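Chemist: quick one, structure for this:
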Amino acid sequence: MNTLNTSTLFWGLLFGSIGLGFFIYGKKQKVLVPFLCGLALMVFPYFISNTLPLVTIGVALIALPYFFRR
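Modeler: Predicted coordinates:
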């Protein structure tokens, strides 16, 4: 059974909020990479309960649109 702690909730909220921004930007500009990264940022905190992987994956997803501009 997984327990949620304060840091996991905080990071999940932060990455979900950033993901919403990426999602809206990608949808309005019709750009696929920020759209998909935003969707992933909003969904993945539901499946990861450990803080270190949560932060690592979140930072990688935030950096991904910078390196893949299409």
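Chemist: and residue 70, what's its pLDDT?
Modeler: At residue 70, the predicted lDDT confidence score is 61.
Chemist: also residue 4?
Modeler: 67.
Chemist: residue 32 too?
Modeler: On the pLDDT scale, residue 32 gets 94.
Chemist: relative to residue 54, how far out is it?
Modeler: Counting by CB to CB, to the nearest Å, the gap from residue 32 to residue 54 is 24 Å. No exception for glycine: its C-beta is placed from N, CA and C like everyone else's.
Chemist: against which helices or strands is the longest helix along the chain packed?
Modeler: The longest helix of the chain (DSSP state H) is helix 6-29. Under the contact definition 3 or more CB pairs under 8 Å, 6 or more residues apart in numbering; DSSP states H and E, helix 6-29 sits against helix 32-43, helix 51-67.
Chemist: next, the angle helix 32-43 makes with the last one.
Modeler: Think helix 51-67. If you take axes from the mean of the first three to the mean of the last three CA atoms, to 10 degrees, helix 51-67 sits at 160 degrees to helix 32-43.
Chemist: who touches helix 51-67?
Modeler: With contacts defined as CB atoms under 8 Å, 6 or more residues apart in numbering, helix 51-67 is touched by 5, 7-8, 11-12, 14-15, 18-19, 22, 33-34, 37, 40-41, 44-45, 48.
Chemist: mean confidence score for it?
Modeler: The average pLDDT within helix 51-67 is 95.
Chemist: residue contacts, the residue sitting nearest the centre point of the chain?
Modeler: Nearest to the geometric centre of the chain sits residue 41, at 1.9 Å (CA atoms, centre = their mean). When contacts are counted by CB under 8 Å, 6+ apart, residue 41 touches 15-16, 18-19, 22-23, 58, 61-62.
Chemist: among these, which pair sits farthest apart?
Modeler: The distance between the two most remote of these (CB to CB) is 14.4 Å, for 23 and 58.
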